[in-house]
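In: Prediction below, plus the sequence it came from.
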Amino acid sequence: MWYLVCGSSGTAGRLHADSRSSLRRSKLVISLILVCVSLALFTLPRFASSQSITTMSTVQTLGSTSIVTVTSTSLLTVLAPQTVHYDLTPSDFNNETGTFTLGYSEMGTAPYYPENSLCLMYDYFLLNATTPYEFRIHFDTQQGLPVGFFILNMGQFNRFNHTNCAKGFSDWELRVVAPASDLVWVVPQRGEYALLFLATQFVGGYVHLIVQAFGQAAQISTSAYTSTSIIEIFSTQTAFSTVPPTVQTATNYSGLIDGVVIAAVVLLAAGVILRMRKSHAR
């Protein structure tokens with residue numbers, strides 16, 4: 001009997017010890033489950049709505065038209081046609097056609113020329129010229145024979161008049177020998193000048209002369225222009241917006257996942273506790 005009691009006591013003690021050990025193991029399992037669930041909950045992705053900054057630059061163009069009329073006046077010096085006034089012309093000079101003949105002649109004297117031989121034919125114009133005049137001269141002969149054309153100041157003209165058939169004369173302002181010519185002469189200084197035509201042989205027919213005078217004249221130039229200006233104004237706008245709707249949807253589902261995990265843990269823990277109680281009752 002004593003043996004049976006002792007055996008029963010020992011068996012009960014062992015059962016009690018096994019029950020305590022199983023309870024400790026169950027608590028340990030529950031603790032590990034809770035730790036894992038906590039870690040899982042902390043490691044679950046958390047989505048939070050955020051704001052994004054959008055910068056927009058706009059350009060506004062304002063057209064501003066300004067009309068500015070600027071008058072610029074400048075004084076220009078140009079050559080303008082002038083009327084030619086002769087103080088003396090050949091006796092048969094035709095002012096409308098510009099033709100005349102060489103009306104003066106000289107006879108040669110010994111020892112340079114044969115006695116009573118023609119050595120020179122000539123005629124001339126006198127005019128008063130001023131500076132800064134420019135003369136454009138054209139002449140030609142009817143028969144195409146060469147003649148000498150000279151422009152002389154009064155001192156040179158007087159020396160010419162004291163020569164015999166222009167022998168040794170070599171002082172002039174301008175000299176051309178040709179049957180026809182076009183030339184330009186600029187008056188060197190104001191004064192009286194002679195336009196001399198001569199020939200050392202007989203020249204029949206007429207000489208044709210055209211003289212044009214040009215003097216400096218003042219001309220007023222006026223100019224105007226219109227200017228148009230465009231004004232551009234730059235402006236910058238900053239807008240704030242939240243994250244896209246798809247990210248916000250993920251944030252709403254995170255609460256549902258947490259609830260499901262917690263319910264599963266509670267059910268698991270309840271099952272473990274019921275099982276422990278059943279084992280303890282036996």
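Out: Yep, that arrived. None of these values were measured; they are calculated from a predicted model.

In: domain ranges for this protein?
Out: With domains defined by automatic domain parsing, the chain comprises 19-62+243-281, 72-223.

In: Comparing the ones you listed by mean pLDDT, which bottoms out?
Out: Ranked by mean pLDDT, the domains of the chain bottom out at domain 19-62+243-281, with a mean of 60.

In: Okay, and residue 155 sits in which element?
Out: Per DSSP states H and E: residue 155 is located in helix 154-161.

In: And the next helix or strand past that helix?
Out: The helix or strand immediately downstream of helix 154-161 is strand 174-178, counting by DSSP H and E.

In: mind listing the helices for the stretch 101-250 of the chain?
Out: Applying DSSP state H, counting those that start in this stretch to the stretch 101-250 of the chain gives helices spanning 154-161, 245-281.

In: for this protein, what spans make up the strands?
Out: Assigned by DSSP state E, the strands in the chain fall at 51-64, 72-82, 86-88, 99-100, 104-107, 118-129, 134-141, 147-153, 174-178, 180-186, 191-199, 207-223, 229-242.

In: Just checking: what are the partner strands of the third one?
Out: When you say that, I think you mean strand 86-88. Partner strands and pairing direction for strand 86-88 (DSSP bridges) are strand 118-129 (antiparallel).

In: For the partner strand, which residues meet the burial criterion?
Out: Residues of strand 118-129 classed as buried: 118-125, 127, 129 (neighbour count, 16 or more other C-beta atoms under 10 Å). Any C-beta I mention is one placed from the backbone N, CA and C, and that applies to glycine too.

In: Stretch 203-219 too?
Out: 203, 206-209, 211, 213-215.

In: Next: stretch 98-114.
Out: By 16+ other C-beta under 10 Å, the buried positions in stretch 98-114 come out as 99-102, 106, 108, 113.

In: among these, which two are most distant?
Out: The largest separation in these, counting by C-beta to C-beta, is between 99 and 113 at 29.4 Å.

In: Double-check residue 153 against residue 173; I have them as touching.
Out: Yes: shown here, residue 153 and residue 173 form a contact pair, counting by C-beta atoms under 8 Å, at 6.3 Å.

In: who's more crowded, the two?
Out: Shown here are residue 153 and residue 173; by other C-beta atoms under 10 Å, residue 153 has more neighbours (17 against 14).

In: How much space separates that one from residue 206?
Out: Going from residue 153 to residue 206 by C-beta to C-beta, to the nearest Å gives 27 Å.

In: And residue 215, by the same measure?
Out: 29 Å.

In: Same check on residue 268?
Out: Taking C-beta to C-beta, one finds residue 268 at 145 Å from residue 206.

In: And residue 84, by the same measure?
Out: As judged by C-beta to C-beta, residue 84 and residue 206 stand 19 Å apart.

In: Include distance to residue 180 when you put the buried residues of stretch 98-114 into JSON lines, please.
Out: Below are those laid out as JSON lines (distance: C-beta to C-beta, whole Å):
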{"residue": "99", "distance to residue 180": "14"}
{"residue": "100", "distance to residue 180": "15"}
{"residue": "101", "distance to residue 180": "16"}
{"residue": "102", "distance to residue 180": "16"}
{"residue": "106", "distance to residue 180": "25"}
{"residue": "108", "distance to residue 180": "27"}
{"residue": "113", "distance to residue 180": "28"}
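
In: Next, the contact list for the nearest residue to residue 198 once chain neighbours are set aside, please.
Out: Leaving aside its chain neighbours, residue 198 sits nearest to residue 122 (3.7 Å; criterion: C-beta to C-beta, 6 or more residues apart in numbering). Applying C-beta atoms under 8 Å, 6 or more residues apart in numbering, we find residue 122 in contact with 102, 104-106, 166, 196-199.

In: Okay, buried residues for stretch 142-158 please.
Out: 147-153, 156-157.

In: got the contact list for the nearest residue to residue 84 once chain neighbours are set aside?
Out: Once flanking residues are discounted, residue 84 sits nearest to residue 213: 4.8 Å by C-beta to C-beta, 6+ apart. Shown in contact with residue 213 (C-beta under 8 Å, 6+ apart): 81-84, 129, 133-135.
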